[in-house]
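Engineer: fold the following and give me the result.
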Amino acid sequence: MKVSALQENLAKGLGVVGRAVPVRSTLPQASHVLIATDEGRLKLVATDLMIAITCWIGAQVEEEGEITVPARLVGDFVTSLPNERIDLSVAARGHQLHISCARNEATMAGMDAADFPPVPSVGDGLTLKLEPKTLRRAIGQVQFAAASDDTRPVLTGIHTLAEGRELTLAAADGFRLAVYKLALTQDVPERVEVIIPARALRELERLIADEEDPVEMAFNAARSQVLFRLKTAELVATLIQGTFPNYSQLIPQSYTTKATIDMRQFLQETRIAGIFARDGAGIVRVQMEPGEDSQPGKMTVSARAEEIGEHRGEMDVKMEGEPSKIAFNSRYLQDVLQVLDAEKVALETTTPSSPGVLRPVDGDDYVHVVMPMFVQW
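Structural biologist: Purely as a prediction, here's the structure:
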């Protein structure tokens with residue numbers, strides 16, 4: 001192999017695929033990155049056997065070839081090089097990558113590319129095209145609600161349902177639920193219901209940050225793999241097998257109190273209360289009272305920690321219904337408020353022991369349900 005590429009492009013490509021390299025692996029090849037020529041471009045691949053990321057960068061190819069080298073070593077080395085042309089070469093039947101850039105040279109011991117874990121091919125099932133900006137927004141407003149531990153594996157994924165002209169993403173961890181309905185530009189030929197690992201969608205969210213062209217989402221016929229194809233990159237993930245909870249039953253269909261709140265102010269007050277909540281089991285209390293005559297309603301956000309202190313913050317809100325009291329985990333409230341991009345958010349409650357519901361006022365594509373915390377009022 002004999003290839004030349006710009007340091008900036010190679011460093012960026014290695015950074016993209018490097019996120020799929022496992023921190024620890026019993027398989028030595030999984031800690032490597034595959035570097036291969038591919039139709040006049042340079043292909044970079046990394047996988048942890050659950051997620052595989054492939055990236056293509058522009059290159060000048062003199063001789064075809066491929067090799068795998070330790071991902072962290074080559075990534076750190078290329079990133080530290082000056083922004084000039086990098087020459088990569090591998091001797092015929094050799095397993096050493098020679099890198100030269102300006103007045104720097106290095107040789108890295110690699111492995112045979114044939115031993116690199118294969119990336120599953122996905123292309124014999126349903127394919128959808130998604131608008132990247134909307135998809136990124138949908139992922140951002142859902143992924144944080146997925147469970148982080150493997151006690152119930154299905155909850156570490158994001159339930160994905162494609163039906164009619166709608167793609168619905170939902171995540172839940174037993175304490176909260178986030179659901180985003182994304183409109184499609186075409187009808188889905190067949191109903192698809194799968195669970196995509198939340199980690200895979202977080203990586204996709206990063207990948208499509210600057211993407212302008214539609215993102216292609218494809219499933220294999222067995223519904224065991226999903227592929228996301230971008231202009232210069234691909235992400236393949238193994239789907240989680242199992243049955244996701246019927247989350248529609250968890251969304252309250254009615255309320256006795258509804259407050260329309262300035263989202264930024266609500267987030268600010270929650271963050272302030274969260275400082276005191278840190279030493280008070282993370283509990284933030286929310287009280288809502290209707291205004292008299294033509295006066296606006298009042299919402300109080302408070303937190304207290306025994307032997308340390310307490311805090312109360314007030315804000316004007318538009319109220320419907322009865323006075324209400326409810327307590328939430330401070331982190332759960334902050335998590336959802338900081339990903340919403342609406343000016344106003346509605347908080348719907350029924351009783352102090354019933355879930356609270358948050359919805360952006362300017363749309364009906366998102367709903368967030370938070371379980372209350374039980375406190376002594």
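Engineer: tell me, how many residues neighbour residue 39?
Structural biologist: 8 (other CB atoms under 10 Å). Backbone N, C-alpha and C define where each C-beta goes, glycine included.
Engineer: what of residue 212?
Structural biologist: 9.
Engineer: quick one: contacts for residue 156?
Structural biologist: If a contact means CB atoms under 8 Å, 6 or more residues apart in numbering, then residue 156 has 146-150, 197-199, 240 as its contacts.
Engineer: to clarify, my last question referred to residue 374.
Structural biologist: With CB under 8 Å, 6+ apart, residue 374 has these contacts: 327, 352-353.
Engineer: strands along the stretch 1-150 of the chain, start to end?
Structural biologist: 2-6, 32-38, 41-47, 51-58, 60-63, 66-70, 85-90, 96-101, 104-109, 127-130 (DSSP state E, counting those that start in this stretch).
Engineer: which strands border the last one, and is each parallel or antiparallel?
Structural biologist: Strands that pair with strand 127-130, judged by DSSP bridges, come out as strand 215-219 (antiparallel).
Engineer: ok, residues contacting the longest strand belonging to the chain?
Structural biologist: Of all segments of type strand in the chain, defined using DSSP state E, the longest is strand 309-321. Strand 309-321 has contacts (CB under 8 Å, 6+ apart) with 255-262, 265-266, 269, 272-273, 275-276, 288-291, 296-304.
Engineer: which of those fall in helices?
Structural biologist: 265-266, 269, 272-273, 275-276 (DSSP state H).
Engineer: any of the contacts of residue 156 buried? List them.
Structural biologist: Listed as buried from these are 146-147, 197-199, 240; burial here means 16 or more other CB atoms under 10 Å.
Engineer: now the residues you listed as CSV including pLDDT and distance to residue 112?
Structural biologist: Formatted as CSV, the buried ones among the contacts of residue 156 follow (pLDDT from 0 to 100; distance: CB to CB, whole Å):
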residue, pLDDT, distance to residue 112
146, 98, 37
147, 97, 39
197, 98, 29
198, 98, 34
199, 96, 29
240, 97, 32
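Engineer: helices - which of these land there?
Structural biologist: 198-199.
Engineer: just the buried ones among the contacts of residue 156 now: which is nearest residue 336?
Structural biologist: residue 146 (13.2 Å; CB to CB).
Engineer: double-check the closest one against residue 196; I have them as touching.
Structural biologist: No: Residue 146 is not in contact with residue 196 according to CB atoms under 8 Å; the separation is 9.9 Å.
Engineer: overlap of the contact sets of those two?
Structural biologist: Common neighbours of residue 146 and residue 196 (CB under 8 Å, 6+ apart) are 157-158.
Engineer: residue ranges of the strands in the stretch 251-377 of the chain, please?
Structural biologist: Going by DSSP E, counting those that start in this stretch, the stretch 251-377 of the chain shows strands at 257-262, 283-289, 297-305, 309-321, 324-329, 344-349, 356-360, 366-370.
Engineer: packing partners for the first one?
Structural biologist: Contact here means 3 or more CB pairs under 8 Å, 6 or more residues apart in numbering; DSSP states H and E; on that basis strand 257-262 packs against strand 297-305, strand 309-321, strand 344-349.
Engineer: parallel or antiparallel, list what pairs with the last one.
Structural biologist: In this case it means strand 344-349. With DSSP bridges as the test, strand 344-349 pairs up with strand 257-262 (antiparallel), strand 356-360 (antiparallel).
Engineer: find me the pLDDT at residue 279, would you?
Structural biologist: What the model reports for residue 279 is a pLDDT of 84.
Engineer: coming back round to it: dump the contacts of residue 374 into JSON lines; add pLDDT as well.
Structural biologist: Formatted as JSON lines, the contacts of residue 374 follow (pLDDT from 0 to 100):
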{"residue": "327", "pLDDT": "97"}
{"residue": "352", "pLDDT": "95"}
{"residue": "353", "pLDDT": "95"}
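Engineer: list buried residues within those.
Structural biologist: For the contacts of residue 374, buried by 16+ other CB under 10 Å: 327, 352.
Engineer: okay, now residue 133: neighbour count?
Structural biologist: Residues near residue 133, counting by other CB under 10 Å: 12.
Engineer: could you check how far it is from residue 109?
Structural biologist: Separation of residue 133 from residue 109 (CB to CB, to the nearest Å): 43 Å.
Engineer: and for residue 11?
Structural biologist: Where residue 109 is concerned, residue 11 sits at a distance of 21 Å (CB to CB).
Engineer: those two - which one has more neighbours?
Structural biologist: residue 11 (21 against 10).
Engineer: so that one sits against residue 77, correct?
Structural biologist: No: if you go by CB under 8 Å, residue 11 and residue 77 don't touch, sitting 9.7 Å apart.
Engineer: where do the contact lists of the two overlap?
Structural biologist: Contacts common to residue 11 and residue 77, judged by CB under 8 Å, 6+ apart, are absent.
Engineer: torsion angles phi and psi at the residue of the chain most remote from its centre?
Structural biologist: If you look at how far each residue of the chain sits from its centre, by CA atoms, centre = their mean, the farthest one is residue 293, at 45.4 Å. The phi/psi pair for residue 293 (degrees, to the nearest 10) reads phi 50, psi -120.
Engineer: on that earlier part again, make a markdown table from the strands of the stretch 1-150 of the chain and add mean pLDDT to it.
Structural biologist: Formatted as a markdown table, the strands of the stretch 1-150 of the chain follow (pLDDT from 0 to 100):
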| stretch | mean pLDDT |
| --- | --- |
| strand 2-6 | 97 |
| strand 32-38 | 97 |
| strand 41-47 | 97 |
| strand 51-58 | 97 |
| strand 60-63 | 96 |
| strand 66-70 | 96 |
| strand 85-90 | 97 |
| strand 96-101 | 96 |
| strand 104-109 | 96 |
| strand 127-130 | 93 |
